[in-house]
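Quick one, what's the 3D model for this:
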Amino acid sequence: METTTSAEQQKWEATVRAAAEKATAEQLWPLFEDFFGLHKWFPGLQICRGVAGANGEPGCIRYCAGFKGIKPQSESSPATAKATATATAAWSKERLRWVDRRRMTLSYEIVDSNIGFTSYVSTVRVTDGAAGGAAAVVEWSITVDPVAGLELADLAAKYRVGLEAMVKNMEAAIVAGTSIS
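Okay, here's the model as predicted:
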C-alpha cells in the first residue's frame, strides 16, 4: 500500500495492490471491464446496475449500493440499531471516464453519492504478475478530497481489504470456469 499526503496537498491519494496466483491479467481484465458487474465480485456490494450509456464505454454511469453499519449515537435497543443501519443504504453513481483496453486500465469518478466522498477519481490497472509467482496484479488508485471522520491510512486499508477479496472472488470464479455468468 502506498499513500501520500501533506499539509499543502489538497487531495488524498492512495494506491493498493492485490495479486492473483491462478488467474492471468487477460482473464481478470474482462471482469473489470464489465463496469456494470462490480456487484458480482466486490464483497458487500448488493447492487450495481447501469443507469446511463453502454456498459464499458466511456461516459456510462453505474449505480452501486450496499449497506453500511452505523453505531447508534445513543443507547438504544439492538432492534433500533439494526433498523437504523438498514435504513442507511450507502450508494454512489459512478461515471466511467476512460478505458485503455490495450493497457488493461480504466478510470472512473463518483458523480453523486451519500458516502462522504467529494471529487473522487479512481483508476484500476490489471497487469501481468511480477517475478514473485503471481500470475496477475491488480492496482487500484484513488484520489479524493479528505473525508471527515476518516484517516487516509484507514481508508486505504479498507480499499486494500476490498480489492484483495474482490480479486480472490474473481480468481475463484475463473478457476471454476464460472466467471462470465
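
ok, which stretches of this protein are helices?
Assigned by DSSP state H, the chain shows helices spanning 25-33, 78-87, 152-176.

taking those together, which one is wrapped up most tightly?
helix 25-33 (a mean of 19; mean count of other CB atoms under 10 Å). For the C-beta atoms, the positions are set from N, CA and C on the backbone; glycine is no exception.

Now do it: which elements does it pack against?
The contact analysis (3 or more CB pairs under 8 Å, 6 or more residues apart in numbering; DSSP states H and E) places helix 25-33 against strand 121-128, strand 136-144, helix 152-176.

comparing the helices of the chain, which gets the lowest mean pLDDT score?
Among these, helix 78-87 carries the lowest mean pLDDT, a mean of 45.

just to revisit the earlier point, make CSV out of the helices and strands packed on helix 25-33 and add distance to Leu38.
Shown next, in CSV, are those (distance: least, CB to CB, whole Å):
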stretch, distance to Leu38
strand 121-128, 10
strand 136-144, 12
helix 152-176, 8
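
what's the closest of those to Thr15?
Nearest of the helices and strands packed on helix 25-33 to Thr15, taken as CB to CB: strand 136-144 at 4.3 Å.

Provide the strand pairings for the closest one, with the direction of each partner.
Using DSSP bridges, the strands paired with strand 136-144 in its sheet are strand 12-20 (antiparallel), strand 121-128 (antiparallel).

Nearest approach to Asn114 belongs to which of the ones you listed?
strand 121-128 (17.4 Å).

what about Ser122, how many neighbours?
18 (other CB atoms under 10 Å).

Likewise for the one 4 residues further on?
Here the number of neighbours of Val126 (other CB under 10 Å) works out to 26.

just checking, it touches Ala23?
No. Assessed by CB atoms under 8 Å, Val126 is found out of contact with Ala23, at 9.8 Å.

which residues are in contact with both of the two?
Ala136 (CB atoms under 8 Å, 6 or more residues apart in numbering).

Please give me every residue in contact with the closest residue to Ile47 other than its chain neighbours.
Excluding its sequence neighbours, the residue lying closest to Ile47 (CB to CB, 6 or more residues apart in numbering) is Ala65, at 4.3 Å. Ala65 sits next to 45-48, 89-92 when contact means CB under 8 Å, 6+ apart.

let's see 10 Å
Counting by CB atoms under 10 Å, 6 or more residues apart in numbering, Ala65 touches 39, 45-49, 89-93, 113-114.

again, but for Asp154
Val147.

then stretch 114-126 to CSV, C-alphas only?
The C-alpha trace of stretch 114-126 is given here as CSV (Å, rounded to 0.1, in the frame of the first residue of the first chain):
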residue,chain,number,x,y,z
ASN,A,114,-24.1,9.6,0.1
ILE,A,115,-20.8,8.1,1.3
GLY,A,116,-18.9,11.2,2.1
PHE,A,117,-16.6,11.4,-1.0
THR,A,118,-16.2,14.5,-3.0
SER,A,119,-14.1,15.0,-6.0
TYR,A,120,-13.3,11.2,-6.1
VAL,A,121,-11.4,9.7,-9.0
SER,A,122,-10.2,6.1,-9.2
THR,A,123,-8.0,4.1,-11.6
VAL,A,124,-7.8,0.4,-11.9
ARG,A,125,-5.0,-1.4,-13.7
VAL,A,126,-4.5,-5.1,-14.3
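
No further questions, thank you.
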